[in-house]
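J.: coordinates for the following, if possible.
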Amino acid sequence: MPNRPESLHAGGTAVVTGASSGIGAAYARRLAAQGHDLVLVARRAERLRALAAELTGRHDVRVDTVVADLSEAGDLDRVARRAAGDDVGLLVNNAGINGYGPFAETDAALLEKVMAVNVVALTRLARAAVPGMLARGHGAVVNVASTLAFAGSLPPGPLPVRAVYAGTKGYVVTFSRTLAAELDGAPVRVQVLCPGLTATEFHLTQGQDPVPGDAARVHDDGGMPAEDVVTASLRALETGEVVCVPGLVDGEAVDRVAAAEAALRASATGTLAPRYL
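T.: Residues are numbered from 1 along each chain as shown. Here you go, the predicted structure:
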């Protein structure tokens, strides 16, 4: 499903959430190297300050930091106001938490936080950024999902116990694809990035609290380097690829998913299927 509006403007401000480590930090480094000013959003102030110092020392860009928990309404309001700024040309909705655990046993407040960060905050920030991008005639939104969005039929083991997390990422995929179709032909592009297992610290916590410490860590499970995930995403923005799966060799697999969806929609008739009679 291609979406090829005007190219992303180098030098515009990029807002990156979840920027204190992993994929978010990799985006920040790459975008700074490309000349983008940055607004980096995360919960860990020290990590953000260290990254901002690194990037301003290495590149001639401005880096602002916003310490925020996107599950908190007041913090989300602050970030949304900044995402609506008239200098913003790229929004990377990377912040996310997993809340992994058996559905009937995981703390309900944690599951609500997963939905607040992965769904509500992502949608709110996109809504804040897109109108200004449309008015200015350029911009892009990258929403980070997961290949677990496509694993609904699979039980845990070796995959994590993930009903709510996978559900939120399924929302991100559908929301992003539908928004991209709505904006087809407009000067704003939308991408949903669906990485598989990535070499970050994401699996070191359920997400209620951030991983402690000032140094970035990597979970024992390994995975694709975050830098490679970002390479795929930025290349896909150039080519207009709406669904970016960094490890997917057969790019036509996404088209086959769309074809299967079309077949399901075609069955939405007024006639009951024979197997239900």
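
J.: contacting residues around the closest residue to Arg47 other than its chain neighbours?
T.: Leaving aside its chain neighbours, Arg47 sits nearest to Ser20 (3.7 Å; criterion: C-beta to C-beta, 6 or more residues apart in numbering). Where C-beta positions appear, they are placed from N, C-alpha and C, glycine not excepted. Shown in contact with Ser20 (C-beta atoms under 8 Å, 6 or more residues apart in numbering): 40, 42-44, 47-48, 51, 210.

J.: which parts of the longest helix seen in the chain are buried?
T.: In the chain, assigned by DSSP state H, the helix with the most residues is helix 163-182. Using 16 or more other C-beta atoms under 10 Å as the test for burial, helix 163-182 gives 163-173, 175-177, 179-180.

J.: who does it touch, helix- and strand-wise?
T.: helix 108-115, helix 122-136, strand 139-144, strand 188-193, strand 243-244 (3 or more C-beta pairs under 8 Å, 6 or more residues apart in numbering; DSSP states H and E).

J.: how far does that helix sit from the chain's center?
T.: 10 Å (C-alpha atoms, centre = their mean, to the nearest Å).

J.: then stretch 244-258?
T.: 18 Å.

J.: please apply the same query to stretch 65-78.
T.: Taking mean C-alpha positions (C-alpha atoms, centre = their mean), stretch 65-78 and its chain are 17 Å apart.

J.: give me the contacts around it.
T.: Outside stretch 65-78, the residues within contact range by C-beta under 8 Å, 6+ apart are 17, 39-45, 48-49, 52, 79, 82, 95, 113, 116-117, 120-121, 124-125.

J.: mind checking which of these land in helices?
T.: Those of the contacts of stretch 65-78 lying in helices (DSSP H): 45, 48-49, 52, 79, 82, 113, 124-125.

J.: tabulate these (a markdown table), appending neighbour count and pLDDT.
T.: Formatted as a markdown table, the ones in helices among the contacts of stretch 65-78 follow (neighbours: other C-beta atoms under 10 Å; pLDDT from 0 to 100):
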| residue | neighbour count | pLDDT |
| --- | --- | --- |
| Ala45 | 12 | 96 |
| Leu48 | 23 | 98 |
| Arg49 | 16 | 97 |
| Ala52 | 19 | 98 |
| Val79 | 22 | 98 |
| Arg82 | 19 | 98 |
| Lys113 | 21 | 98 |
| Arg124 | 19 | 98 |
| Leu125 | 26 | 99 |
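
J.: residue ranges for the helices of the stretch 151-277 of the chain, please.
T.: 163-182, 226-239, 252-266 (DSSP state H, counting those that start in this stretch).

J.: ok, and what's touching the lowest-mean-pLDDT helix or strand in the chain?
T.: One helix or strand of the chain scores below all others by mean pLDDT, DSSP states H and E: strand 198-199, with a mean of 91. Contact with strand 198-199 is made by 22-23, 218-219, 222-226, 229, as judged by C-beta under 8 Å, 6+ apart.

J.: let's see it at 7 Å
T.: 22-23, 218, 222-226, 229 (C-beta atoms under 7 Å, 6 or more residues apart in numbering).

J.: CSV for the residues you listed, including distance to Val257, pLDDT and neighbour count?
T.: Below are the contacts of strand 198-199 laid out as CSV (distance: C-beta to C-beta, whole Å; pLDDT from 0 to 100; neighbours: other C-beta atoms under 10 Å):
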residue, distance to Val257, pLDDT, neighbour count
Gly22, 27, 96, 22
Ile23, 23, 97, 26
Val218, 31, 69, 18
Gly222, 27, 79, 10
Gly223, 23, 93, 18
Met224, 21, 96, 17
Pro225, 26, 96, 16
Ala226, 25, 97, 23
Val229, 20, 98, 26
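
J.: right, I'll leave it there.
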